[in-house]
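> below are the sequence and a predicted model; questions follow.
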Amino acid sequence: MSHKSSASRYKVHHDNRLVITLFGKSAEFRNTIGNKILKNAFSHMSDCCVTGESSTVKIINTPDFFDEDSRFPDQHIIDCMALSYPGPNLVILAVDSKNSQDKEVIDQINKLQYIFGENITANLVVLLPTTDVLKSPHHLKKRFRIHLKSMSDKLNYSVCSGWCSGQWSFQYNFNNYSEDVVLKRKSTLDKRRCSPLHHQENQRTNPQTSSSSQRTLTEANTRTRRSVRWSFRGSRASAEANNQFNIVLLGLTGTGKSASANTILAAANLLRDSSQLFKSELSSVPVTTKCEAKTITFHKKRVTVVDTPDFFNEHLSESKAQTDECRKYCELRQSMVLIVLQLGRFTDQEVGILEKLEDKLSLGIRQKTVVLLTHGDGFRGKIEKFIDDRRPLKHLVEACGNRYHVFNNTSKDPRQVLELIKKFPDIDVFLPELTERRSHFMCLF
Ligand SMILES: Nc1nc2c(ncn2[C@@H]2O[C@H](COP(=O)(O)OP(=O)(O)O)[C@@H](O)[C@H]2O)c(=O)[nH]1
Ligand SMILES: [Mg+2]
């Protein structure tokens, strides 16, 4: 049974309550934060998920499952997902002064992304006792595009709402824990809430005392094919994922997606083998009608370039299957999306293209998107001014973290590809080999 359609990423209402998940290593600091937002909701140093609720807010205070020695990490994660299903409005990572080394914080954010989905950072606030506990807050902010906030007496419901204003709710991607298992657990917990013995204001979900939760854990382990193995760095799944990097090209017909995909492959010296190329030509009807992927190997890493059809073409056949396939490529943590536009031809259909694509894919992509402007060969003038003068284009570029790049697809100069790939936010982490070889760009891959 699939529940995906009923849980569109952008329609999560939670009965109009603000749902907050609270993570962090120190139970004391988590409780302090929880109690500021919701008066006296948390008193225990609990080693399981505890919720505090009022008519306006629900907080899920999670135990420290970042700890490698955590006894029931899977169960805690499933509980957290069930209690905040289909995803929280706000995610707070409580970083206390004892656990505030930059590396520790980065590891924790990476783990949250790995467990729940990469886009969790869009809803994430890292909350510190004071901002000076971090050595390089700017680096962290730039790397993950998250908010860093310090603890204050004013922390309350409306401050938290303000942090989410204009933000969509996050939705779990259920890659590591199946949605069916999470829903089953949710139903068990919901039933328990209705029982007269249940203390409405403060709900503990203790895996050590709950036989049904043990059952759920067993089910989770048997039914979830890709259950997370807790050695985050060493797991095979993560090693495989770390070896794969996707570049996905999106946009309307005729903007130059296939030609740009070819330019990228040409930089990998594949031009000699024409069977490797995507079909690109001037045509009034779409030439690319299906998602097509070509994979090359670079320093033992698989780099897959994905050419896509125009998802806004009403004649596109099997459009749902196509967007589903495309989403799989975009969902990978190590993936980069290119929204391709033809320079000088920004059409009405392209106004709001980012939002429309996110809607079609039911996936936030802006954090990994670079706007790629083709036909650079015919362009004269200053690109910054060109973008500045065109509101919808400026809006798009800004929404993508001011990442844009100009391609001339009539030239196969690999430098333009290298410059493009360098604009991907975490490229130094994903493809460090590229950084090391920057001076040898003539043979990019
Ligand atoms: N001059 C020039 N033509 C380009 C450029 N990029 C794409 N084209 C041409 O634009 C047409 C449509 O490109 P194509 O890649 O098929 O677009 P798609 O439908 O988005 O895949 C083709 O004739 C390409 O040769 C470019 O940077 N400069
Ligand atoms: Mg094409």
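Yep, it's here. Residues are numbered from 1 along each chain as shown. Ligands and ions are numbered 1, 2, ... in the order given.

> interface residues of the stretch 251-400 of the chain facing ligand 1?
By C-beta under 6 Å from any ligand atom, the residues of the stretch 251-400 of the chain that approach ligand 1 are 251, 253-259, 280-282, 287-288, 374-378. Where you see a C-beta, it was placed from the backbone N, CA and C, and this is true even at glycine.

> show me which of these are buried.
Neighbour-count burial (16 or more other C-beta atoms under 10 Å) applied to those gives 251, 253-259, 280, 287-288, 374-376.

> make CSV out of the residues you listed and add pLDDT and distance to Ser136.
As requested, these are exported to CSV (pLDDT from 0 to 100; distance: C-beta to C-beta, whole Å):
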residue, pLDDT, distance to Ser136
Gly251, 96, 36
Thr253, 92, 44
Gly254, 92, 44
Thr255, 95, 39
Gly256, 95, 38
Lys257, 95, 37
Ser258, 93, 41
Ala259, 94, 40
Ser280, 74, 43
Val287, 69, 47
Thr288, 74, 43
Thr374, 97, 37
His375, 96, 40
Gly376, 95, 35
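
> looking at those residues, which are in helices?
With helices taken from DSSP state H, the overlap with these comprises 257-259.

> kindly indicate which of those lies nearest ligand 2.
Nearest to ligand 2 out of these is Ser258 (C-beta to the ion; 3.3 Å).

> ok, the nearest residue to that closest one once chain neighbours are set aside - contacts?
The spatial neighbour of Ser258 that comes closest, neighbours along the chain excluded (C-beta to C-beta, 6 or more residues apart in numbering), is Ser280 at 3.6 Å. Applying C-beta atoms under 8 Å, 6 or more residues apart in numbering to Ser280 gives the contacts 256, 258-259, 261-262, 287, 409.

> so where's the stretch 51-200 of the chain uncertain?
Within the stretch 51-200 of the chain, the ranges that satisfy pLDDT under 70 run 165-167, 192-200.

> run the last query once more with 80
Along the stretch 51-200 of the chain, the model assigns pLDDT under 80 to residues 55, 66-72, 131, 153, 165-168, 191-200.

> what ranges do the strands span in it?
Ranges of strands within the stretch 51-200 of the chain are 57-61, 90-94, 124-128, 147-150, based on DSSP state E, counting those that start in this stretch.

> what helices and strands are in contact with the first one?
In other words, strand 57-61. When contacts are defined as 3 or more C-beta pairs under 8 Å, 6 or more residues apart in numbering; DSSP states H and E, strand 57-61 packs onto strand 18-24, helix 27-37, strand 49-53, helix 73-83.

> for ligand 1, find the nearest of those.
Of all the helices and strands packed on strand 57-61, it is helix 73-83 that lies closest to ligand 1, at 38.2 Å by C-beta to the nearest ligand atom.

> buried residues in that closest one?
Of all the residues in helix 73-83, those buried under the rule 16+ other C-beta under 10 Å are 73-83.

> using CSV, write out every CA atom in that helix.
C-alpha atoms of helix 73-83 as CSV (Å, rounded to 0.1, in the frame of the first residue of the first chain):
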residue,chain,number,x,y,z
PRO,A,73,18.2,3.8,17.1
ASP,A,74,15.8,2.3,14.6
GLN,A,75,12.9,2.3,17.0
HIS,A,76,13.6,5.9,18.1
ILE,A,77,13.7,7.0,14.5
ILE,A,78,10.5,5.2,13.6
ASP,A,79,8.8,6.6,16.6
CYS,A,80,10.0,10.1,15.8
MET,A,81,8.7,9.7,12.2
ALA,A,82,5.4,8.3,13.4
LEU,A,83,4.8,11.1,15.9
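
> CA-only coordinates of stretch 425-434, as CSV, when you get a sec.
Output of stretch 425-434 as CSV, limited to C-alpha atoms (Å, rounded to 0.1, in the frame of the first residue of the first chain):
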residue,chain,number,x,y,z
PRO,A,425,27.3,23.6,-3.0
ASP,A,426,29.0,20.5,-1.6
ILE,A,427,31.2,19.6,-4.6
ASP,A,428,34.4,19.6,-2.5
VAL,A,429,32.9,16.9,-0.3
PHE,A,430,31.3,14.8,-3.0
LEU,A,431,34.0,15.0,-5.6
PRO,A,432,37.2,16.0,-3.8
GLU,A,433,39.1,14.6,-6.7
LEU,A,434,37.8,17.4,-8.8
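
> how far off centre is that stretch?
Here stretch 425-434 is found 17 Å from its chain centre; the criterion is C-alpha atoms, centre = their mean, to the nearest Å.

> domain ranges for this protein?
As given by automatic domain parsing, the domain ranges for the chain are 4-235, 243-443.

> pull the residues that contact the host helix or strand of Ile247.
Assigned by DSSP states H and E, Ile247 belongs to strand 244-250. Strand 244-250 has contacts (C-beta under 8 Å, 6+ apart) with 257-258, 260-261, 264, 301-308, 311, 326, 329-330, 332, 334-340, 357, 372, 421, 430-431.

> just the buried ones from those residues, in ChimeraX syntax?
Burial among these is assessed by 16+ other C-beta under 10 Å; the matching ChimeraX selection reads:
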select :257,258,260,261,264,301,303,304,305,306,307,308,311,326,329,330,332,334,335,336,337,338,339,340,357,372,421,430,431
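
> out of the contacts of strand 244-250, list just those in strands.
301-307, 335-340, 372 (DSSP state E).

> if we can go back for a sec, show me which of the contacts of strand 244-250 neighbour ligand 2.
Among these, the ones lying close to ligand 2 by the criterion of C-beta under 5 Å from the ion are 257-258.

> and the next helix or strand past the host helix or strand of His395?
Secondary structure from DSSP H and E places His395 in helix 391-399. Next along the chain after helix 391-399, taking DSSP H and E as the criterion, comes strand 404-406.

> buried set for that next one?
For strand 404-406, the neighbour count (16+ other C-beta under 10 Å) marks 404-406 as buried.

> who does the residue nearest to Val248 when sequence neighbours are not counted bridge with?
Excluding its sequence neighbours, the residue lying closest to Val248 (C-beta to C-beta, 6+ apart) is Val306, at 4.4 Å. With beta bridges defined as DSSP bridges, Val306 has these partners: Val248, Ala293.
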